[in-house]
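*Asks:* Any chance you could fold what I've pasted below:
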Amino acid sequence: MANVLAVGAHPDDVEIGCGGTVAKHISKGDNVVIVIMIEPVSFHYSGKSIRSKDEGHTESKNAVDIMGAKLINLGFKDKNVPYSQETIEALNRIIDEYNIDIIYTHWYHDTHQDHKRTTESVISAGRYVHNILMYEPEYPAGRSYLGFRNQYYVDISNEFNVKMDALKCHKSQIERYGDDFLKAVEARAIHRGYEIRTKYAECFEVLRMMDDIQ
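*Replies:* Numbers count the residues shown, from 1 in each chain. Prediction:
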């Protein structure tokens with residue numbers, strides 16, 4: 001049994017990037033902790049609300065409950081997650097308390113500042129963790145001058161419905177981006193599955209991996 005930490009800057013990041021893999025870990029009996037870095041409330045620069053605090057907490061809890069993981073919210077400010085002693089120490093405490101074996105986090109070259117600083121903090125805090133894998137960014141937000149390297153695949157054919165049911169809990173985001181948002185997530189899972197001859201898959205870029213991940 002492994003102890004798994006899945007980290008997302010925002011409430012729906014883990015579901016989009018590695019929700020199927022999280023569900024697969026849980027189906028195997030692994031312990032999974034999901035950490036959301038920000039307090040789940042956000043505003044457009046115009047001042048328009050994108051997600052209220054109540055919506056964010058409810059959507060996050062419902063999604064994590066579907067996956068069966070434990071949820072921890074670190075409460076940093078949206079669009080301003082720091083790479084700092086505070087973030088690293090907060091993650092250090094979680095890694096030590098739950099004796100984490102595997103970490104999933106954002107891609108290092110993701111162009112969203114919260115995603116990038118989250119991963120910088122994870123790498124610093126996870127210096128002794130044997131396995132750190134970075135999930136694929138959700139385009140177009142994560143596009144960079146470097147390309148994501150699809151190195152490690154997980155067949156999520158049996159867990160895909162759990163991933164999507166959890167993602168659908170984030171109603172404020174679906175309302176914002178429309179149904180094409182869900183279609184894009186499914187299309188990517190189909191594409192990655194096609195690459196390894198399964199129905200659905202998620203893939204990761206490896207920062208560090210020992211031979212004890214399975």
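*Asks:* first vs last residue of stretch 7-14, how far apart are they?
*Replies:* Stretch 7-14 stretches 7 Å from its first residue to its last (CA to CA, to the nearest Å).
*Asks:* Please pick out the residue of this protein most distant from its centre.
*Replies:* In the chain, counting by CA atoms, centre = their mean, S46 sits farthest out from the average C-alpha position, at 27.1 Å.
*Asks:* got the buried residues for stretch 130-141?
*Replies:* Residues H130, N131, I132, L133, M134, Y135, E136, P137, E138 are the ones in stretch 130-141 that count as buried (16 or more other CB atoms under 10 Å). Bear in mind the C-beta positions are built from the backbone N, C-alpha and C, glycine included.
*Asks:* The nearest residue to the third one once chain neighbours are set aside: what secondary structure?
*Replies:* The shortest distance from I132 to any residue other than its chain neighbours is 4.1 Å, reached at L207 (CB to CB, 6 or more residues apart in numbering). At L207 the chain is in strand, as set by DSSP: H, G, I helix; E, B strand; the rest coil.
*Asks:* helix or strand for N73, which one?
*Replies:* Assessed by DSSP states H and E, N73 sits inside strand 70-76.
*Asks:* Any buried residues in that strand, and which?
*Replies:* L71, I72, N73, L74, F76.
*Asks:* Which one of those residues is nearest to D211?
*Replies:* Nearest to D211, judged by CB to CB, of the buried residues of strand 70-76 is I72 at 28.4 Å.
*Asks:* Now do the closest one against G142, distance only.
*Replies:* 23 Å (CB to CB, to the nearest Å).
*Asks:* ok, back up a step: could you redo the buried residues of stretch 130-141 as TSV and give each row pLDDT?
*Replies:* Shown next, in TSV, are the buried residues of stretch 130-141 (pLDDT from 0 to 100):
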residue	pLDDT
H130	95
N131	97
I132	98
L133	98
M134	98
Y135	97
E136	96
P137	92
E138	85
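*Asks:* of all those, which comes closest to Q113?
*Replies:* P137 (13.0 Å).
*Asks:* For that closest one, which three-state class applies?
*Replies:* Three-state call for P137 (three-state DSSP): coil.
*Asks:* hmm, back to that, check contacts around the residue nearest to I132.
*Replies:* Residues in contact with L207 (CB atoms under 8 Å, 6 or more residues apart in numbering) are Y108, I123, I132, L133, M134.
*Asks:* same deal with R143?
*Replies:* Contacts of R143 by CB under 8 Å, 6+ apart are T111, P137.
*Asks:* For it, what are phi and psi?
*Replies:* R143 has phi and psi values of phi -60, psi 140 when expressed as degrees, to the nearest 10.
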